[in-house]
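> Test case, fold it:
(one chain, ligands or ions: 3)
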Amino acid sequence: MSVTVFYFSGTGNSLAAARTLVGKLPEACIVPLAGILSADKPYLLQTDKAIFVFPVYCAGIPALVARVLDLIDMSKAKYVAAIANCASSAGTALDIFALELQSRCNKSLSAGWVIYMPGNYTPLYGSESPATIERMLKEADNRLLEIACEIQSGVAIDFSLPFALACMNRVAWKICISGLPYMQKRFRVESTCTGCGLCARVCPVNNIVMSAAGRPQWLKKCEQCMACLQYCPVEAIQCLWWTKGRIRYRHPRIPASEIIAQKSMDGAA
Ligand SMILES: Cc1cc2nc3c(=O)[nH]c(=O)nc-3n(C[C@H](O)[C@H](O)[C@H](O)COP(=O)(O)O)c2cc1C
Ligand code: SF4
Ligand code: SF4
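Ligands and ions are numbered 1, 2, ... in the order given. Alright, predicted model coming up:
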């Protein structure tokens, strides 16, 4: 194996992007970051290239992506790159990832790219139309093919901001991201809930338990990834009154079973 593609995904976009990349890179394997976190033991990187694919959260990176770096031994890596996947603006996600990588793994980020995929944050907006979704996914795939060529040639991209500015952005991101677990207090479940338990199974951090009455209850470690809200088959999960009637989004070709599988290292291939 020459490349390991790590991914984290709430609603399938980053998983689909990671798969496209693996399909285009010879001798590449795919490893779910949520699986490493669930296993809660060190992961030894076996390849000399590592690529991280993740969604942009709050103009930065998901808290989970930063945390899991503590478990990855990257001493073998000669080339570490990142692909930040966002709906409209990646902000300083790549800079923040570079800082986290440096401080947690003592590695520099060799290159980084931003790709655009459909937005999934229903508390703020509804889904794009199916035609727009397909157009965006096609454009993202085309861009990933170019990126795969750049990864193969080991291109170096210096995108970093002046250190002081990057640190300020990191502080702003940390404040914003630390507020996300409190957002779970706003989740509520409607009477249409069938008690199927799918929301609990898709949650990448096991933040949902089913009550004796068969209703989901949220704990206190939410990443706000939107998997529970987007994959509920009857749209019974709402965020206060904001999401009622808004069209849900999940990647059209990533079923719930594949989001569930990312919690296990069996998902690595
Ligand atoms: C908590 C949260 C915060 C987000 N923040 C941003 C953002 O700052 N900028 C942006 O363009 N998209 C943002 N998004 C949208 C996602 O980055 C985007 O839809 C991504 O493709 C989702 O990938 P996934 O399906 O792999 O989870 C946010 C989504 C979530 C759930
Ligand atoms: S996925 Fe939806 S229907 Fe199933 S238990 Fe969760 S809220 Fe209820
Ligand atoms: S509770 Fe829902 S939004 Fe929060 S991490 Fe789990 S699946 Fe994602």
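> which residues in the stretch 51-200 of the chain form strands?
Remark: strands assigned in the stretch 51-200 of the chain by DSSP state E, counting those that start in this stretch are 72-73, 79-86, 111-116, 187-189.
> Tell me which of the ones you listed is the most buried.
strand 79-86 (a mean of 24; mean count of other Cβ atoms under 10 Å). No exception for glycine: its C-beta is placed from N, CA and C like everyone else's.
> Check the offset of that one from the chain's centre.
Counting by Cα atoms, centre = their mean, to the nearest Å, strand 79-86 is centred 11 Å from the centre of its parent chain.
> how many degrees apart are that strand and strand 111-116 in direction?
Counting by axes from the mean of the first three to the mean of the last three Cα atoms, to 10 degrees, strand 79-86 lies at 20 degrees to strand 111-116.
> ok, strand 79-86 near ligand 1 or not?
Yes. Applying Cβ under 6 Å from any ligand atom, one finds that strand 79-86 is in contact with ligand 1 at 85, 86.
> hmm, back to that, output the strands of the stretch 51-200 of the chain in TSV, with distance to residue 39 appended to each entry.
TSV is the format used below for the strands of the stretch 51-200 of the chain (distance: least, Cβ to Cβ, whole Å):
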stretch	distance to residue 39
strand 72-73	12
strand 79-86	21
strand 111-116	27
strand 187-189	27
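> Now do the worst-scoring helix or strand of the chain on mean pLDDT: everything it contacts.
One helix or strand of the chain scores below all others by mean pLDDT, DSSP states H and E: helix 180-183, with a mean of 79. Helix 180-183 has contacts (Cβ atoms under 8 Å, 6 or more residues apart in numbering) with 57, 58, 63, 123, 220, 221, 222, 223, 224, 239.
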